[in-house]
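Asker: Below: sequence and its predicted model.
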Amino acid sequence: MKFKKTLILIASIIILGAIIFLVSNKSAKKQDMVPTNPLVPATQTPINITVIPPQAKITNERLKNTIDKALKEAQGTYGIVIRNLNTKEEYYLNEHREFDTASLYKLWVMATAFTQIQSGQLKENSILSQNIQVLNNKFNIGSESTELTEGTITVSVKEALNKMITISDNYAALLLSEKVRLSNVSDFLKKNGLIESRLGEPPKTTPYDIALFLEKLYKNELANEDNTQKMIELLSRQTLNNKLPKYLPSNLSIAHKTGELGYFTHDAGIVFTNKDEYLIVVLSESDNPSGAEERIAEISKAVYDYFEEKDIEL
């Protein structure tokens, strides 16, 4: 009888150990991520996405209801900032939640470049040229993320800025980042109070900081009026228009920048209408990025309709 109890005890310990091992192993796999370069998107392993319910600070109940309706049954996590620059109406959702920037970091590179252009350190007609292998090595671009492997890229600063913003060209961004230096980009973030944003592997930001960047740009606080207009014009020539502008009138001016990286898809910009000018920032993390892109477009349309209808009532 005593021997039988001992066998039962040993068997119980073995089973318990196996259960702990399986649970621990499963938990570890959920957190496994393929390291990404701070500048170029890379493939990521699947992650467990949690839906965060809309809990926003708002100044208008109707605006909240408008966005809640657009977010109904949304899967994934969304961070949103809406700010009407004329009426001062605002909406916030997960505004301090941290997201991978994807290509939104290019906003910081653009602004740093124009800061140096304004100070005379950099010329728009200066030629940037570098071997592709050197760029891949310098910015730690892994083979799984490499778009190009050989040859040389040569463009002017002005051409690089145009490609980096309007078509989100990664190698134009690498050339500019090499020229202006990432340490100066980090200094730009600190100087302008973008304390929730940082470069790294990968870079991180929040909806609040992206909205702050756009508002400072709108108010000529990042550069003088001439260079501010050049940046807004660049953003207005964005060719990746399947999110914020998708359902808006084609004659609207929308200065915006998109970002896509694995499970992250974002769009952020300034919308200029005949009656209003407003900031809209929508950052998302979802295991269905194409669905999130459509959701961003629907949120944008709902916000536009809200401000248009409100103006008619007034």
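Answerer: Great, that's in hand. Residues are numbered from 1 along each chain as shown.

Asker: From Asn84, how far off is the most centrally placed residue in the chain?
Answerer: Centroid check for the chain by Cα atoms, centre = their mean gives Thr101 as the closest residue, at 3.7 Å. Per Cβ to Cβ, to the nearest Å, Thr101 is found 25 Å from Asn84. From N, CA and C alone the C-beta is placed, and that goes for glycine too.

Asker: Poorly predicted segments of the chain, please.
Answerer: Low-confidence segments of the chain (pLDDT under 70): 1-59, 142-145, 311-314.

Asker: Do I have it right that Ile270 meets His256?
Answerer: Yes. Using Cβ atoms under 8 Å, Ile270 is in contact with His256, at 7.3 Å.

Asker: anything in contact with each of the two?
Answerer: Common contact partners of Ile270 and His256 (Cβ atoms under 8 Å, 6 or more residues apart in numbering): Leu235.

Asker: For stretch 93-109, buried residues please.
Answerer: Of all the residues in stretch 93-109, those buried under the rule 16 or more other Cβ atoms under 10 Å are 93-95, 97-109.

Asker: Just the strands from the stretch 151-300 of the chain, written as ranges.
Answerer: Remark: strands assigned in the stretch 151-300 of the chain by DSSP state E, counting those that start in this stretch are 152-156, 204-205, 253-261, 264-272, 277-285.

Asker: Turn those into JSON lines, columns for distance to Asn220.
Answerer: Putting those into JSON lines (distance: least, Cβ to Cβ, whole Å) gives the following:
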{"stretch": "strand 152-156", "distance to Asn220": "25"}
{"stretch": "strand 204-205", "distance to Asn220": "22"}
{"stretch": "strand 253-261", "distance to Asn220": "14"}
{"stretch": "strand 264-272", "distance to Asn220": "13"}
{"stretch": "strand 277-285", "distance to Asn220": "14"}
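
Asker: Using a markdown table, lay out these together with mean neighbour count and distance to Thr166.
Answerer: Shown next, in a markdown table, are those (neighbours: other Cβ atoms under 10 Å; distance: least, Cβ to Cβ, whole Å):
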| stretch | mean neighbour count | distance to Thr166 |
| --- | --- | --- |
| strand 152-156 | 15 | 13 |
| strand 204-205 | 22 | 21 |
| strand 253-261 | 22 | 10 |
| strand 264-272 | 25 | 13 |
| strand 277-285 | 25 | 19 |
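
Asker: Looking at the ones you listed, spot the one closest to Ile67.
Answerer: Closest to Ile67 of the strands of the stretch 151-300 of the chain, according to Cβ to Cβ: strand 277-285, at 9.8 Å.

Asker: quick one: strands adjacent to that closest one?
Answerer: Paired with strand 277-285 in the same sheet, following DSSP bridges, are strand 77-84 (antiparallel), strand 264-272 (antiparallel).

Asker: mind checking which of those is nearest Ile127?
Answerer: Minimum separation from Ile127 across those (Cβ to Cβ) falls at strand 264-272, 30.1 Å.

Asker: can I get the CA coordinates of the closest one in CSV?
Answerer: Taking Å, rounded to 0.1, in the frame of the first residue of the first chain, the C-alpha atoms of strand 264-272 are listed here in CSV:
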residue,chain,number,x,y,z
PHE,A,264,0.6,48.0,-37.4
THR,A,265,-1.2,50.3,-39.9
HIS,A,266,-1.5,54.0,-39.3
ASP,A,267,-2.5,57.3,-40.9
ALA,A,268,-2.2,60.8,-39.5
GLY,A,269,-2.6,64.2,-41.0
ILE,A,270,-4.3,67.6,-41.3
VAL,A,271,-7.5,67.9,-43.2
PHE,A,272,-8.2,71.3,-44.8
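
Asker: mind starting the numbering at 471 from now?
Answerer: Let's use 471 as the start, then, which means that last one is strand 734-742.

Asker: pretty sure Ile623 contacts Ile602?
Answerer: Yes. In this structure Ile623 lies within contact range of Ile602 using Cβ under 8 Å: 6.3 Å.

Asker: Common neighbours of the two, please.
Answerer: Common contacts of Ile623 and Ile602, defined by Cβ under 8 Å, 6+ apart, comprise Tyr641.

Asker: Now for Glu620: which residues touch it?
Answerer: With contact set as Cβ under 8 Å, 6+ apart, Glu620 has these partners: Ile602, Gln603.
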